[in-house]
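# Fold the following.
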Amino acid sequence: MVINKKIHFEISERKVLLRLFDVLSVMLALYFVSMVFDFNYFKIAKTNYLWTIVLGIYLTVFGTVFEMYNLQVANNQFQVIKSIVLTASTTVLIYLLTPIYTPVLPTNRIQIVIFYVAIFLSLFLWRMTYVLFLASNRFTKKVILICDKDQLKELVLGLENADPHYKVMGYINSDSTNDNKNDKSDFIKNINLEKLQQFVIENSVSEVVIASQKTDGITISLYNKLIHLLENGYIIREYTQVYESITQRIPVQYVARDFYRFFPFSRSNQNHLYLFVVRILEILISLIGLVIGILLVPFILLGNCIGNRGELFYTQERVGINGKVFKILKFRTMKKNSESNGAVFATINDFRATSFGKFLRKSRIDEFPQFINILKGEMAVIGPRPERPVFVKEIANVMPFYETRHVIKPGLTGWAQVNYSYGETIDDSLIKLQYDLYYIKHRSIFLDINIVFKTISTILFYRGNKFFF
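This next block holds a predicted model:
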């Protein structure tokens, strides 16, 4: 069988590619400018290699903060332009102000202008090339799905909505009670098993995804066809693995009662060195946060007098590690007696929030008192958002795995908070649970750093609604 597969880059590979070519395009532009124009501020040479390293680090760090490597932003030419402007401006400013490891400030101001324009234009031209010629074509991955017909639409949309470049070309019905004949009601093409190899070749399919939970659906004939594809270099993966790698969530709705077989908890949860280092950093961050919070108190008191009359602080019961209930501390943002009719989920533009309270939420200033909870050991800086006992009980009755999120401390920010908006419904809570479980499963210093950058981006872009309060 002739293999006819197109090159496809996974999500992680695309992000590496973007970072690599961002730095490479900037360095080439600066080299070209120094050769053609009277530009002496920045030169690439062995004697000053630190200049190049520092600039590369700044580009990737600030690019991460300003979402240059968020693929949804990177694929949108209007959104990425905003990110380019912010990244180029911040990188140049901080680079110019960095002593020792960067060139001495030029006496001729035109040198700074050329430096900025070279960085901006190189990023702009490369990223526009990526959007127009690469993002829409090169990264498309064509797959076929093996699943039961009644699950087809949900499974396909679950993958394609998460990654527009992931294209399900057809499916094989694994339900033994149904045949594989095409039906007008089919969401996508139903592939005849005898023509599977032909379909794979003609449609440049590179991967087969198995989503069937019924072993009797994988017949001997189908099994042999899959083995033949595997021997010819085609990738065969299980749906939950694909879903997890694309969405960075755990698909608890598909693993059912076998959840704990599919859920190896991260070793970092029991790694004493990791936990010790994280705890030290949490204490330092909390002390700095409390100092900033104390400095903000006079302004918050003034704001409360104008648009948020009432008590300064607000406490509420939340569920912490191992299901232990504690009282979370916040600056008050809601009106008095806002839950006289019972507890309800917080929502975007919650009518219960005061005018000044909305500002505190958007800017996340209302969260500063929670650094006290972190110092007391009731919370962490990063972890699942602590939920109220009444909601935990309600959600746990619907989702058997919900209380798994209590195996680690709840956090001020977390993977679910930076990737999803308010949990206004049970369905929203399911999605947030998937993110929380992903963090618990893959918990590491690298994922923590990723969350920190995403949190900074959320605050800078004033997207307070990304967080659940």
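# going forward, measure contacts between C-alpha atoms and count neighbours the same way
OK.
# From residue 209, how far off is the residue nearest the centre of the chain?
The centroid of the chain falls nearest to residue 419 when counting by C-alpha atoms, centre = their mean (4.9 Å). For residue 419, the distance to residue 209 (C-alpha to C-alpha, to the nearest Å) stands at 25 Å.
# Now the element after the one helix or strand residue 171 maps to, going C-ward?
If you go by DSSP states H and E, residue 171 is part of strand 166-173. On the C-terminal side of strand 166-173, the nearest following helix or strand under DSSP H and E is strand 189-190.
# what does the average pLDDT come to for that following strand?
For strand 189-190, mean pLDDT is 90.
# Which parts of this structure are strands?
Assigned strands in the chain, in chain order: 141-147, 166-173, 189-190, 207-210, 235-238, 313-319, 325-331, 380-382, 411-413 (criterion: DSSP state E).
# how much distance is there from the lowest-mean-pLDDT helix or strand in the chain to the middle of the chain?
Of all helical and strand segments in the chain, the minimum by mean pLDDT, DSSP states H and E falls on helix 252-255, at a mean of 70. Computed by C-alpha atoms, centre = their mean, to the nearest Å, the chain-centroid distance of helix 252-255 equals 20 Å.
# Give me the below-cutoff pLDDT ranges for the stretch 1-150 of the chain.
Counting by pLDDT under 70, the stretch 1-150 of the chain shows low-confidence ranges at 1-10, 136-139.
# again, 80 this time
Residue ranges of the stretch 1-150 of the chain with pLDDT under 80: 1-13, 134-140.
# just checking, what packs against the lengthiest helix in the chain?
Ranked by residue count, the top helix of the chain under DSSP state H comes out as helix 272-307. Judged by 3 or more C-alpha pairs under 8 Å, 6 or more residues apart in numbering; DSSP states H and E, helix 272-307 is in contact with helix 355-363, helix 370-375.
# mind listing what's buried in the first one?
Under the neighbour-count criterion of 16 or more other C-alpha atoms under 10 Å, helix 355-363 has 355-363 buried.
# Reformat those residues as TSV; add pLDDT and distance to residue 410.
Converted to TSV, those look like this (pLDDT from 0 to 100; distance: C-alpha to C-alpha, whole Å):
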residue	pLDDT	distance to residue 410
355	83	28
356	87	27
357	84	23
358	84	23
359	86	24
360	87	21
361	83	19
362	81	21
363	82	21
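# For those residues, give me CSV that also has distance to residue 285.
Below are these laid out as CSV (distance: C-alpha to C-alpha, whole Å):
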residue, distance to residue 285
355, 29
356, 26
357, 24
358, 25
359, 23
360, 20
361, 20
362, 21
363, 18
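# if we can go back for a sec, could you dump the strands of the chain into CSV and include distance to residue 88 and mean neighbour count?
Shown next, in CSV, are the strands of the chain (distance: least, C-alpha to C-alpha, whole Å; neighbours: other C-alpha atoms under 10 Å):
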stretch, distance to residue 88, mean neighbour count
strand 141-147, 32, 23
strand 166-173, 31, 23
strand 189-190, 46, 19
strand 207-210, 38, 21
strand 235-238, 40, 15
strand 313-319, 40, 16
strand 325-331, 36, 19
strand 380-382, 29, 24
strand 411-413, 27, 22
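# how about the ones you listed, which one is nearest residue 98?
strand 380-382 (28.8 Å; C-alpha to C-alpha).
# Parallel or antiparallel, which strands does the closest one pair with?
strand 411-413 (parallel) (DSSP bridges).
# what comes into contact with the strand it pairs with?
367, 370, 379-386, 451, 455, 467 (C-alpha atoms under 8 Å, 6 or more residues apart in numbering).
# Top of those by number of neighbours, please.
Greatest neighbour count in those, by other C-alpha atoms under 10 Å, goes to residue 384: 30 neighbours.
# which ones are touching the closest residue to that residue other than its chain neighbours?
Leaving aside its chain neighbours, residue 384 sits nearest to residue 410 (4.8 Å; criterion: C-alpha to C-alpha, 6 or more residues apart in numbering). Residue 410 is in contact with 320-321, 378-380, 382-386, counting by C-alpha under 8 Å, 6+ apart.
# and which of the residues you listed is nearest to residue 223?
Closest to residue 223, out of all of the contacts of residue 410 and judged by C-alpha to C-alpha, is residue 384, at 40.5 Å.
# surely that closest one meets residue 438?
No - with contact defined as C-alpha atoms under 8 Å, residue 384 does not count as touching residue 438 (10.4 Å).
# Mind listing the residues bridging to residue 208?
Bridge pairing for residue 208 - DSSP bridges - gives residue 144, residue 236.
# on that earlier part again, of the contacts of residue 410, closest to residue 45?
Once C-alpha to C-alpha is applied, the member of the contacts of residue 410 that ends up nearest residue 45 is residue 382, at 41.1 Å.
# tell me which residues form a beta bridge with that closest one?
Note on residue 382: beta-bridge partners by DSSP bridges are residue 413.
# Could you save the strands of the chain as a markdown table and add columns showing distance to residue 245?
Shown next, in a markdown table, are the strands of the chain (distance: least, C-alpha to C-alpha, whole Å):
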| stretch | distance to residue 245 |
| --- | --- |
| strand 141-147 | 14 |
| strand 166-173 | 12 |
| strand 189-190 | 25 |
| strand 207-210 | 13 |
| strand 235-238 | 11 |
| strand 313-319 | 29 |
| strand 325-331 | 33 |
| strand 380-382 | 21 |
| strand 411-413 | 22 |
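# And those strands: which comes nearest residue 273?
Closest to residue 273 of the strands of the chain, according to C-alpha to C-alpha: strand 380-382, at 16.0 Å.
# ok so, going back, if we compare the helices and strands packed on helix 272-307, which one ends up closest to residue 283?
Among the helices and strands packed on helix 272-307, helix 370-375 comes nearest to residue 283, with 6.0 Å by C-alpha to C-alpha.
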